[in-house]
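In: Need coordinates for the following:
(2 chains)
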Amino acid sequence: MKNIIETKGLRKSFKDGERITDILKGIDLQIPEGQFVAIMGRSGAGKSTLLYQLGLLDHPSEGSLYVNGADTIKLTSDERTNFRLNQLGYVFQDYALLPDLTAVENVAVPLMMQSLDSKRAFKKAEEALKKVGLEHKANSLSNKLSGGEQQRVSIARSIAHDPKILFADEPTANLDSDNSKLVIDIFLELHKLGQTIVMVTHEAEYGKLTERTIVLTDGMITEDKMNR
Amino acid sequence: MNLIPFKLGFFLARRQIANASLVTTVLIIFVMTLTFLNLVVVTGVLVGLLKSNASNTFYTGDVIVSSLDEKSYIENSQQMISIIENQPGVKALSARYVQGGKLEANYKDVTRITDKINDASGQIYGINIEEENKVTNVSSKIIEGSFLNANDYDQIVVGANILYKYSPVDSPNQKSLRNVAAGDKVRLTVNGNSREVTIKGVIKSKVNQLDVAIFMNDWQLKSLIGRQDNNVSEIAIRLNNGVDVQKFKQNLISYGLGRTAKISDSEEAKPKFLRDVEATFGLMGNLIGSIGLAVASITIFIVIFVNAVTRRKFIGILKGIGISSRTIEISYIFQALFYAICGTTIGMIVIYGFLVPYIDVHRINFPFSDGILYAPLSGTLLRVFILIVITLIAGYLPARIIVKQNTLDAILGR
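Out: The predicted structure follows:
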């Protein structure tokens, strides 16, 4: 199976005055298409930073990064935005929904940006909400939903446009165990359908449910194992 | 052309406005309305101070024919009058004899050369009362006593500035009569001929020429100045409604009347200083208007900037999920446009629905005019256009600044 993500010598440094802090210290990584990967590690290990680089939300300081065959280092800011729109999906820890919009509108916005007319965009958004069991909350303002519901809307938004890769940054961190299980079940279901998922988590029990676990320690991969 | 950024930008702006705090939205629109009013009203009042039609109504009529600078009368006046009377569109005309003269109040008490003379000078207008009333409404400006009748003999009406009590300023150029009121006798001297006359009334019109004028019946002034040729000094013409003043004026010039007289419309007949003041006020109005525009643009910039800064995280999310920078910027431009359109629409309603008609009825009382709010629709629409263009720029810039920031930093609130 082809690698959908390939990195070589990926580094990320932050400058604080004269001091340069390396968060990622040369990551070499290949993720095949359709894999469900958990990135784990202690707080400050660089898990989220790696996810942001892989998800093109941030720009690495050094190294190469190929996503779905594209050399993303060379992309301009607008090209990266367009790449994210068409190929990537995100689930954030704090859901990152737009409070002015209803659940269905939150899901429909990226679809409208993809040139779908409003009618088709909303139809597709409703289908995505149905997949996460929230069709009955379609017209609720996002900030009126519970945390678990907001996270499910966030997942619906991230999958509505059929992304090549779904990135999730601590998707269960703010949820109770029931809602966390619901979210992980949705990811497992999506994985069964062939979705590539890269998830950052610090919860070992959810990490074990994935296909592969990568452990980061101090900006370096210290463990990379298949769970099944 | 890709319309998606516009469609989606409009959608996002609409939702953001719909869910924004009502108080905030009302406050922003209120600021925009005040800004627009500041732009139109300040200039309008300044220019409007001198745009009142008093000179036309009470003095010049629509067109005034006056003697050349080097002459004190119009040659062949009667022939000219008959040409004018036969022009289409003429409603009425008033031929006036004008001569400089002097009034003395204490002439009976002055016995020594060192005694101070209580006198004042002014232009004496010999008018036909009936004709004058058809052309101007000067008789309505009486503030004391009454206006002249056609057969009044040795009676005059004076402008308020001739009397010290209405114009308590003594200058070598403008002396006024002290302790004199309607009903008092004064001595009138014209061309060396003196006559004791009674002040029948006092007028105050805020038209400078009239407020320093002395009116009497034309037949009496003619005899005083010994004019036998019937040549008058000026002819005020009132035209029927709808007659094109400029065309009428050109028509008179084409008859050759311009060779022996000056032909002016009421604007041209205004004294130069008044036109200069008008131009200066217009300039000041534009200057204040420009400052108003700068304030407006800064206000909108701050409003949109604060709005964008407080929504920085959501801008980051939008970029994160792939919404283009252009779409986000356009959504803020639409918001700014919404505020500008609401502000200017309310401003227009306030101006044309309330301020203009109100000030037209309750004119602004200035010493030299009754000011109106001069707000021609074309000028107002131009200001609307300018304000909207500035709003678009002032709305775009802050959105651009925020959108340009690092996406991840915006999402994470760093």
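In: where do the helices sit along chain A?
Out: Remark: helices assigned in chain A by DSSP state H are A:47-54, A:77-87, A:103-113, A:118-131, A:147-159, A:177-192, A:204-207.
In: quick one, what contacts the residue in the stretch 1-150 of chain B positioned nearest to chain A?
Out: For the stretch 1-150 of chain B, the residue closest to chain A is B:N19, as judged by CB to the nearest CB, at 4.2 Å. Yep, even glycine has a C-beta here, placed from its N, CA and C like the rest. Contacts here follow CB atoms under 8 Å, 6 or more residues apart in numbering or on different chains; on that basis B:N19 touches A:P99, A:D100, A:L141.
In: re the thing from before, relative to chain B, which of the helices of chain A is closest?
Out: Closest to chain B of the helices of chain A is helix A:77-87 (CB to the nearest CB; 2.5 Å).
In: so what's the nearest residue to B:R400 once chain neighbours are set aside up against?
Out: The spatially closest residue to B:R400, leaving aside those adjacent along the chain, is B:E329, at 5.7 Å (CB to CB, 6 or more residues apart in numbering or on different chains). By CB under 8 Å, 6+ apart, the contact list for B:E329 reads B:G9, B:Y396, B:A399, B:R400, B:V403.
In: Quick one: mark the members of those residues that sit in helices.
Out: The members of these that map onto helices under DSSP H are B:G9, B:Y396, B:A399, B:R400, B:V403.
In: my guess is the first one meets B:S331, correct?
Out: Going back to what we said before, that points to B:G9. Yes - using CB atoms under 8 Å, B:G9 is in contact with B:S331, at 4.1 Å.
In: List the residues that are in contact with both of those two.
Out: Taking CB under 8 Å, 6+ apart as the criterion, B:G9 and B:S331 do not both touch any residue.
In: Quick one, which of the helices of chain A gets closest to B:N2.
Out: If you check each of the helices of chain A against B:N2 by CB to CB, helix A:103-113 wins as the nearest, at 10.8 Å.
In: which helices and strands does that closest one pack with?
Out: Packing partners of helix A:103-113 (3 or more CB pairs under 8 Å, 6 or more residues apart in numbering or on different chains; DSSP states H and E): helix A:118-131, helix A:147-159, helix B:4-19.
In: got the angle between it and helix A:118-131?
Out: 130 degrees (axes from the mean of the first three to the mean of the last three CA atoms, to 10 degrees).
In: what angle separates helix A:103-113 from helix A:147-159?
Out: Between helix A:103-113 and helix A:147-159, the angle comes out at 20 degrees (the same axes, to 10 degrees).
In: ok now helix A:103-113, how far from the chain's centre?
Out: With CA atoms, centre = their mean, to the nearest Å as the basis, helix A:103-113 stands 17 Å off its chain's centre.
In: swap in stretch B:230-242?
Out: With CA atoms, centre = their mean as the basis, the mean position of stretch B:230-242 lies at 23 Å from the chain mean.
In: repeat for stretch B:244-263
Out: Counting by CA atoms, centre = their mean, stretch B:244-263 comes out at 26 Å from the chain centroid.
In: repeat for stretch B:169-188
Out: The chain centre lies 30 Å from the centre of stretch B:169-188; the measure is CA atoms, centre = their mean.
In: mind checking the end-to-end distance for it?
Out: Start-to-end span of stretch B:169-188 (CA to CA, to the nearest Å) is 21 Å.
In: residues from chain A in reach of chain B?
Out: By CB under 8 Å from any CB of the partner chain, the residues of chain A that approach chain B are A:52, A:57-58, A:77-78, A:81-82, A:84-86, A:88, A:90, A:92, A:96-101, A:105, A:109-110, A:112-113, A:115, A:118, A:141, A:157-158.
In: now do 6 Å
Out: Applying CB under 6 Å from any CB of the partner chain, we find that chain A lies next to chain B at A:52, A:57-58, A:81, A:84-85, A:96, A:98, A:100-101, A:110, A:112-113, A:115.
In: Now list the buried members of the contacts of B:E329.
Out: B:G9, B:Y396, B:A399, B:R400, B:V403 (16 or more other CB atoms under 10 Å in any protein chain shown).
In: May I see those organised as CSV, with pLDDT added?
Out: Converted to CSV, the buried ones among the contacts of B:E329 look like this (pLDDT from 0 to 100):
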residue, pLDDT
B:G9, 94
B:Y396, 88
B:A399, 86
B:R400, 89
B:V403, 88
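In: For the residue most central in space within chain A, give me the pLDDT.
Out: Nearest to the mean C-alpha position of chain A, by CA atoms, centre = their mean, lies A:F167 at 1.4 Å. Model confidence at A:F167, given as pLDDT, is 95.
In: tell me which residues of stretch B:186-205 are tucked away?
Out: For stretch B:186-205, by 16+ other CB under 10 Å, it's B:186-190, B:195, B:197, B:199-205.
In: Likewise for stretch B:162-175?
Out: Buried positions in stretch B:162-175, judged by neighbour count with 16+ other CB under 10 Å: B:I162, B:L163, B:Y164, B:Y166, B:S167, B:K175.
In: ok now that stretch, how far from the chain's centre?
Out: 26 Å.
In: Go ahead and confirm B:L12 touches B:S331.
Out: Yes - with contact defined as CB atoms under 6 Å, B:L12 reaches B:S331; the gap is 4.0 Å.
In: Which residues of chain B lie near chain A?
Out: B:4, B:8, B:15-16, B:19, B:314, B:317, B:319-324, B:407-408.
In: Between the ones in helices among the contacts of B:E329, which sits nearest A:T201?
Out: For those, the nearest to A:T201 is B:V403 (31.2 Å; CB to CB).
In: Against chain A, how distant is the closest one?
Out: 10 Å (CB to the nearest CB, to the nearest Å).
In: Great, nothing more from me.
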